[in-house]
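[1] Pasting a predicted model and its sequence here:
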There are 2 protein chains.
Amino acid sequence: MRDVQDVFAGFLEKRGLSLTRQRREILGVFLDAKRHLTVEGVYNIAKKKVVRAGYTTVFRTMKLLREAGIAKEVNLGGKIVKYERRYGHEHHDHLVCLECGSFVEALDPEIEKLQNKLCNKFDFTPRRHRMEIFGTCRRCRRRKHKP
Amino acid sequence: MRDVQDVFAGFLEKRGLSLTRQRREILGVFLDAKRHLTVEGVYNIAKKKVVRAGYTTVFRTMKLLREAGIAKEVNLGGKIVKYERRYGHEHHDHLVCLECGSFVEALDPEIEKLQNKLCNKFDFTPRRHRMEIFGTCRRCRRRKHKP
DNA sequence: CTTTTTTTGAATTTGAATTTCAATTTCAAT
DNA sequence: ATTGAAATTGAAATTCAAATTCAAAAAAAG
C-alpha cells in the first residue's frame, strides 16, 4: 500500500524524525505479514533483510507505528504484545479459537450501536473498545467430533 | 459469603490440598476488597493480618482461586494482572475511564444475544468473552468542562 | 513420638519490555 | 570535501512482575 508509507513519512516529519531505511524496512515487514506479529516476530524477519534492523530498532519502530495509527496492539490471550494493521483496516472484533489459536475478524453494526446506547445509559463517553469472543472454531469442533 | 469458603474448601479437597489459615485469610482479603486487586495488592493487606501470608503464598493462592472459579483475571489497560470476584458475581462488561481509571460493570442482554448470533454466523462455538469500552466517565468529563 | 507429606516464604530465576549509551549515520553549514 | 551538531542505531544493561526453587516449618499419618 503506497499511502501507508506516506502516512508514516508524514507522521515522522511532524515529529522531526526521518524515514530511514530501517524504518521503511520494518514497516514493510509489518505490512507484508498476514497475521498478527510480535516484536520478536517482526525482528526475526527484519534481521534477514538487506538493511538489517536490530531488536531495539524494531521495538522503537513498532511504537512509532502505533503512535502513527498504523499499528495497533492486540492481546488475544497470552501476555505477549502483538500488533495488527490499523491503517486502512476498519475496527473489528475477534473470535478467537481456544484450541488452535486462529481467529476471525468480525464486525456487527448492531452490536456497535448497542454499545453506544449502553454508554449513554452510564453517561460515559466512549473512545474505543475491545471485544473478543473465545471459543472453538468450526474446524476444531469437527476435528473433535470425527477424529 | 459463607458458601464461597465452602466452594474453595471443596475445590482444595478434590485436589488433595487443605484449607490452611493463610489460604483462608487470603480468600477473606480478596472477598472483602471492593475493587479489583493485583497480587501485590492482596499481599499488602494479607501481610498485616494475624496469620501473615508471604508474597509467594498469595501468588499461589490467587492461582488456586482462579482455578476454583472464584477469582477471575482482568486486564483493563496496563500489563499487571488484576483479579475480580467471579463466584456469585455475574458476567459483565467494563466501561473503563481513561482519565481516572475508574470503571463500571455493565451488562446488556441484547448485546449478549447479538454476540451469540455473530458466533453462529461464523460457525463458532463461544465459551467466554470479554468486552471493554474505554472512554471518559461522567465525572471526568465535567471536571474538564468546568475546571 | 517419629516419620512422611504438605505448606510456606525468602531468595532466585525467568522473560518480555524498556532504557542506556557509545558508536554510527545523516545532513546542514562552511 | 570537511566539520560538527543532531538523529539514529543496536548491543548491553536494567526493570519489574511472574514463576520457580528449595530449605525450614507445620501438619498429618503411622
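    Looks like it arrived, so ask away.

[2] what is the residue nearest the centre of chain A paired to in the beta sheet?
    By C-alpha atoms, centre = their mean, chain A has its centre lying nearest to A:Glu84, at 1.4 Å. Counting by DSSP bridges, A:Glu84 is bridged to A:Lys72.

[3] quick one: contacts for it?
    A:His36, A:Ala71, A:Lys72, A:Val74 (C-beta atoms under 8 Å, 6 or more residues apart in numbering or on different chains). Quick note: C-beta positions are derived from backbone N, CA and C, even for glycine.

[4] can you tell me how far it sits from chain B?
    17 Å (C-beta to the nearest C-beta, to the nearest Å).

[5] can you list the contacts of A:Glu84 in a markdown table and add neighbour count?
    Compiled in a markdown table, those are given as follows (neighbours: other C-beta atoms under 10 Å in any protein chain shown):
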| residue | neighbour count |
| --- | --- |
| A:His36 | 18 |
| A:Ala71 | 25 |
| A:Lys72 | 17 |
| A:Val74 | 17 |
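
[6] Export those residues to CSV and append columns for distance to DNA strand D and pLDDT.
    Shown next, in CSV, are the contacts of A:Glu84 (distance: C-beta to the nearest atom of the strand, whole Å; pLDDT from 0 to 100):
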residue, distance to DNA strand D, pLDDT
A:His36, 21, 91
A:Ala71, 16, 95
A:Lys72, 21, 94
A:Val74, 19, 91
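
[7] gap between the residue nearest to the centre of chain A and A:Ile133?
    Applying C-beta to C-beta, to the nearest Å, the value for A:Glu84 to A:Ile133 is 17 Å.

[8] same deal with A:Val29?
    The value you get for A:Val29 to A:Ile133, if C-beta to C-beta is used, is 29 Å.

[9] Quick check: pLDDT value at A:Met1.
    What the model reports as pLDDT for A:Met1 is 59.

[10] repeat for the one 3 residues further on
    For A:Val4, the pLDDT comes out at 91.

[11] Equivalent analysis for A:His145, please.
    75.

[12] where's it relative to chain B, distance?
    Taking C-beta to the nearest C-beta, one finds A:His145 at 11 Å from chain B.

[13] Repeat that for A:Cys137.
    On the measure of C-beta to the nearest C-beta, A:Cys137 and chain B end up 6 Å apart.

[14] quick one: contacts for that residue?
    A:Leu95, A:Cys97, A:Glu99, A:Cys100, A:Ser102, A:Val104, B:Phe122, B:Asp123, B:Phe124.

[15] same deal with A:Thr57?
    So A:Thr57 contacts A:Gln22, A:Arg23, A:Ile26 (C-beta under 8 Å, 6+ apart).

[16] Thank you, goodbye.
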